[in-house]
Structure formats: structure tokens, C-alpha cells
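*Asks:* the sequence and its predicted three-dimensional model are supplied below.
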Amino acid sequence: MTVSPQQHRRRLALGLGLLVATPGCAAPRTGPPDVVLIVLDTLRPDHLGVYGYERETAPFLADWARRSVVFRRAFSASTWTAPSTASIFTSLFPVQHGVVEGIFVHEVRARTVAETGRSSLPLNRIPQAVSTLPEILKAAGYQTFGVASNVNIGPEIGFSRGFDRFDRLMDRDAGELFARLRDWESDFDATKPRFIYLHFDDVHEPYARREPWFEASGTTLGDLEAAYDSEISYVDDVLRQMFEYFDWDRDAIVVIASDHGEEFMEHGELGHGLSLHRELLQVLLLLRAPVRGEEGQIVTRNVTTLDLLPTLAELIGLEPREEWEGRSLVGLLDGDAVIGERTLFGHRRLEGDPPAELWTAVSGDWHLIERDGHFQLYNLSNDPQERLDLSAARRDVTARLAAELEAFRSSLRPHAAAETYEYELDPEGVERLRGLGYVE
């Protein structure tokens, strides 16, 4: 019987067992590895030295990247937290899992609430029929722990499902999330592998001027970026402490990603409004698995965050599910399987009457953005800032990607019946959303 490299890897990981460090305990345990998923909200990768930034904002991540797989061109399925994170959790596109917006009360909807006197807003949420990453790992025998500080990441949209312990610490910084996870150490079962999900919101606006990392530039826009960078440095320092404390650099499978990026006037806006340009769509993605050893690797092929769930499933020996839209990247990393170049798709909706919808297709160096039948085309290699629209000059590429996008949209069907949740509004909640830039 021939044993494939993938089967051999699984036998090493599951049959022989991995030694996994248990925080607070000297004795190791054998069995499947722990899985740690860290999402750094709103972090655009080109503000990190490992992705080419002119200065090092995250020395810990730079060191971690040297021992990890660095995906240079990873793209999100959306540019808002709720749909993009739901796609990470389900390996489905937003239109399929139904979460096309989050607790983002756009000004039009906020005015409607004020005018009608409504006290709640309907939110889309992940349908119960759609299995999420924590539910899948829990069913596989994992203990599951989740801590988040973004208002969207909570029970209303379905993100708390499958966790043994879950807490949303809104308006709390990375250090407080670290403290909460330490509080749960007494609940850690040394006989079971753990899945730990941490969603940090520090890099999201409004940006604090974190000392000693903040360096004033003398301009309003420059100071905004400097504050943003200082938040990255602060979170990086907390991550360093967490990894040392929990010993995750030993045998855990660790994914560090961002859900979307941030704009600093590259296309006339601040934050992450209705846009699918590269500064919002491209994300940080680092993967380290114990079976891969200490040697780092750089992947330049286009990948999507929908690939994370299938990749993690293969690494711990679970079978892929037919409904998943992403592909496992393990074969790509090991060279024992060929993953052809794909066109990657993304979506962004803004509620209104009618709703505004943007779609994107990324193929090789080409990036197509579509809104209401109008197209923009950019070359990501020659024009990373996406300054020059080539849709007219390269009609052949525009037509090809437009046809692929239309075929993709025509094939999309919701994976399960849409579900909604009535989110109760209160003055404190509205002010919190206003502080995050979601309500004017």
C-alpha cells in the first residue's frame, strides 16, 4: 500500500501523537495539536516590515514570520469584519453564509431608526445549518475558547457558537484579552487539545497614540498613520508576551491573520468604507504548524481566507467538506499536490434603497472591481497602489474577468436559509458604534 505524504503527515500528527505544551503544567500531553487563531482587526499587511514596510512596526511578528509560512498575497472575502470573519469560520462566501453586514449601523439606517423610533435593527447571522470552525473542532474533541473585542464578534451574528467559553470584551485592549485567557487556565483540560480564538480590535479606529511607539509626523494624516502604527506595535508586544506565557511556539498550529485592511486616503477615504481596493482587501496571513518544523516559507501565489478552514482541517486529520469553497493549502506548501492559479472573489454590500454592492475578482496580477456594471481594472504587480485604471486599455482582461465574475455570481446559492437577529439599540451602544466610525 502506497502512503501519500499527506497520509504520512497525518499519521505523524495523530497516530504517533504530538507533544503539546500545557500552560501551567510541566507534563506534556500527547494527541492532536492545539490550534490558535489570532485575528488582528483592520491590520493592513503593508504596514508590517515582513510585507515591505519601511520601518519595523511589529518585531515579534517579524521574528515569528521567519519560522512560519508567510502568504504575501492573501485576500479577504469582504472588507467588513462580520462578513470577512464569517467567511473564515465557514469557508463560504458572504452571499452563501448570509452575513453581508454586521452591527454597522450606516448613517442611512441610523436616521431611519431615529425617524421611526425603532429600538432594534435586524442583523443577518450565520444560519444554524452552517457549521462553524469552533463547532467543527469541538465535535472533533477540542476544548474551545474565544475572546474578542470587536462589537461584531458575538452571539448576535453566531460567532459564539461552538465555544466552551466565549467572552466579548468590547472597548478592551489586547492586554485585557490576554488577561481573560489567563483567567480561564483553570478550565484547561490537559487531556484534550484546545482551540483558541482571539480577535483583537486595537488597530481599529479610533487609534490611540501608544507610547513609546507613537512618533508624530507633523501632519494630520501622518499622525493618523503614526497612531495606527503605534497600535500595531502595542498589539505586537502583547502577542510576544502571550506566546511566551502559553508556549505556543512549541507545538501549536498557529494562524495569525487580519480580517481586512484600512485606507489612508489612497482612494479618497479614511477607514474601511464601501471599497474593495487592495489596501482593504489584502490581509496579513501567517501559518505555523508543528509538523512543518522551524524553517520559514514564503508563498507568493494568491490565496483567500476561505482556505483557512480546509487547511486547518487537513492539518489535524479531518476530512474536507463538500460545501467548503476554500481549498486546503497544505499540498501547495509541501509540493505533493498542485493547486492551480485561481480567480478569487470578494463582495461588499452597503444597505440602502437600493443597496450598493461591490464585487471583486483577483486573478494573477489582475484585480477587477465591479459596481453597478461599471468596472475598474488594476495590475497589482506594476501598480500596487491601484492608481491607474486599465479597464479601457486592457479590454481583453476586463472582459475575461467580468465573464468569470458573472459566472461565479450566477452559481452562488445560499448554503442555508437566511437567519436574522433583532439587535437591540441603546444609547450606549449607539455611542460605541459612533466612536468606531459606524454611525455619524
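*Replies:* Arrived safely. Numbers count the residues shown, from 1 in each chain.
*Asks:* now do the helices in the stretch 51-200 of the chain.
*Replies:* Secondary structure of the stretch 51-200 of the chain, counting by DSSP state H, counting those that start in this stretch: helices at 59-65, 81-90, 94-97, 107-116, 133-139, 174-183.
*Asks:* need the ones you listed in TSV (columns: distance to residue 237).
*Replies:* In this view, the C-beta of every residue, glycine as well, is placed from N, C-alpha and C. Below are the helices of the stretch 51-200 of the chain laid out as TSV (distance: least, Cβ to Cβ, whole Å):
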stretch	distance to residue 237
helix 59-65	7
helix 81-90	23
helix 94-97	33
helix 107-116	36
helix 133-139	27
helix 174-183	9
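*Asks:* single out the most deeply packed of these.
*Replies:* helix 81-90 (a mean of 29; mean count of other Cβ atoms under 10 Å).
*Asks:* counting by contacts, list what that helix packs against.
*Replies:* If you count contacts as 3 or more Cβ pairs under 8 Å, 6 or more residues apart in numbering; DSSP states H and E, helix 81-90 packs onto strand 35-40, helix 94-97, helix 133-139, helix 308-315.
*Asks:* show residues contacting that helix.
*Replies:* With Cβ atoms under 8 Å, 6 or more residues apart in numbering as the test, helix 81-90 has contacts from 37, 39, 41, 76-78, 92-94, 96-97, 99-104, 126, 130-134, 150, 152-153, 157-159, 199, 257, 259-260, 305-306, 308-309, 347-348, 415.
*Asks:* over to stretch 316-324?
*Replies:* 10, 13-14, 32-33, 35, 91-92, 131, 136-137, 140, 193, 253, 306, 309-310, 313-314, 328, 415.
*Asks:* pull out the buried positions in that stretch.
*Replies:* The neighbour-count check on stretch 316-324 (16 or more other Cβ atoms under 10 Å) flags 316-318, 324 as buried.
*Asks:* these: which two are farthest apart?
*Replies:* 317 and 324 (16.0 Å; Cβ to Cβ).
*Asks:* re earlier: buried members of the contacts of stretch 316-324 into PyMOL, please.
*Replies:* Burial among the contacts of stretch 316-324 is assessed by 16+ other Cβ under 10 Å; the matching PyMOL selection reads:
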select buried, resi 10+13+32+33+35+91+92+131+136+137+193+253+306+309+310+313+314+328+415
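*Asks:* and the contacts of helix 81-90, which of them are in strands?
*Replies:* 37, 39, 199, 257, 347-348 (DSSP state E).
*Asks:* which of those tops the neighbour count?
*Replies:* Across these, the neighbour count under other Cβ atoms under 10 Å reaches its highest value at residue 348, namely 29 neighbours.
*Asks:* am I right that it is in contact with residue 274?
*Replies:* Yes: using Cβ atoms under 8 Å, residue 348 is in contact with residue 274, at 6.3 Å.
*Asks:* for these two, list the residues in contact with both.
*Replies:* residue 358.
*Asks:* got the contact list for residue 199?
*Replies:* 38-39, 41, 85, 146-150, 153.
*Asks:* any chance of these in JSON lines, plus pLDDT?
*Replies:* Formatted as JSON lines, the contacts of residue 199 follow (pLDDT from 0 to 100):
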{"residue": "38", "pLDDT": "98"}
{"residue": "39", "pLDDT": "98"}
{"residue": "41", "pLDDT": "95"}
{"residue": "85", "pLDDT": "96"}
{"residue": "146", "pLDDT": "98"}
{"residue": "147", "pLDDT": "97"}
{"residue": "148", "pLDDT": "96"}
{"residue": "149", "pLDDT": "95"}
{"residue": "150", "pLDDT": "91"}
{"residue": "153", "pLDDT": "92"}
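*Asks:* ok, which of the helices and strands packed on helix 81-90 comes nearest residue 248?
*Replies:* Using Cβ to Cβ as the measure, strand 35-40 is the one of the helices and strands packed on helix 81-90 that comes nearest residue 248, at 5.6 Å.
*Asks:* then the closest one to CSV, C-alphas only?
*Replies:* These are the backbone C-alpha positions of strand 35-40, laid out as CSV (Å, rounded to 0.1, in the frame of the first residue of the first chain):
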residue,chain,number,x,y,z
VAL,A,35,-5.0,25.3,17.2
VAL,A,36,-4.6,29.0,17.8
LEU,A,37,-6.4,31.5,15.5
ILE,A,38,-5.5,35.2,16.1
VAL,A,39,-7.3,37.8,14.1
LEU,A,40,-5.9,41.4,14.1
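*Asks:* please name the strands paired to it in the sheet, noting orientation.
*Replies:* When pairing is defined by DSSP bridges, strand 35-40 lines up against strand 194-200 (parallel), strand 253-257 (parallel).
*Asks:* of those strands, which is nearest residue 55?
*Replies:* strand 253-257 (19.8 Å).
*Asks:* state the mean pLDDT of that closest one.
*Replies:* When pLDDT is averaged over strand 253-257, the result is 97.
*Asks:* partner strands of whatever helix or strand comes next after that strand, with direction?
*Replies:* Sequence-wise, the next helix or strand downstream of strand 253-257 (DSSP states H and E) is strand 263-264. Sheet partners assigned to strand 263-264 using DSSP bridges are listed as strand 270-271 (antiparallel).
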